[in-house]
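**Student:** My questions are about this predicted structure, shown below with the sequence.
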Amino acid sequence: QVHLVESGGGLVQAGGSLRLSCAASGSISNFNAMGWYRQAPGKQRELVADIFRGGLTNYADSVKGRFTISRDNAKNTVYLQMDSLKPEDTAVYYCKARVPIAGGVWVNDYWGQGTQVTVSS
């Protein structure tokens with residue numbers, strides 16, 4: 001079982017910045033991937049960014065050039081630096097970990113509880 005705890009959300013004006021953190025209970029260097037997702041009211045949850053075991057990163061088109069995902073294996077923490085925030089970035093942001101089990105034959109996805117990000121215009 002892996003527990004994920006997000007922090008760093010809040011209220012910010014358009015153009016501002018926030019840094020989200022996701023602390024994991026396990027060793028993230030062993031995880032296949034970790035990612036940030038978001039869900040706005042009335043919308044489906046969507047991928048924001050993810051980072052894979054080898055360090056490769058992937059971003060949604062809507063955040064490319066503004067958001068940066070990174071990780072600190074020693075702290076078992078993944079970060080999402082969000083710059084040039086827009087009102088449309090307002091959502092609950094969730095952290096997800098994809099963890100290999102049974103020697104990597106299967107994977108389990110674990111989610112955090114979410115943190116609210118609100119961007120005012």
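**Tutor:** Arrived safely, thanks for sending.

**Student:** For residue 7, give its distance to residue 71.
**Tutor:** Per Cβ to Cβ, to the nearest Å, residue 7 is found 15 Å from residue 71. Backbone N, C-alpha and C define where each C-beta goes, glycine included.

**Student:** Counting neighbours, go ahead and name the busier of the two.
**Tutor:** The neighbour count for residue 7 versus residue 71, taken as other Cβ atoms under 10 Å, is higher for residue 71 (19 against 14).

**Student:** my guess is the more buried one meets residue 78, correct?
**Tutor:** Yes - the pair formed by residue 71 and residue 78 meets the contact definition of Cβ atoms under 8 Å, at 4.6 Å.

**Student:** intersection of neighbour lists for those two?
**Tutor:** 28, 34, 51 (Cβ atoms under 8 Å, 6 or more residues apart in numbering).

**Student:** can you give me the strands for the protein?
**Tutor:** Here the chain has its strands, by DSSP state E, at 4-7, 10-13, 18-24, 33-39, 46-52, 57-59, 67-72, 77-82, 91-101, 106-111, 115-120.

**Student:** how about CSV for those, with mean pLDDT added?
**Tutor:** Formatted as CSV, those follow (pLDDT from 0 to 100):
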stretch, mean pLDDT
strand 4-7, 96
strand 10-13, 98
strand 18-24, 98
strand 33-39, 97
strand 46-52, 97
strand 57-59, 97
strand 67-72, 97
strand 77-82, 98
strand 91-101, 95
strand 106-111, 93
strand 115-120, 98
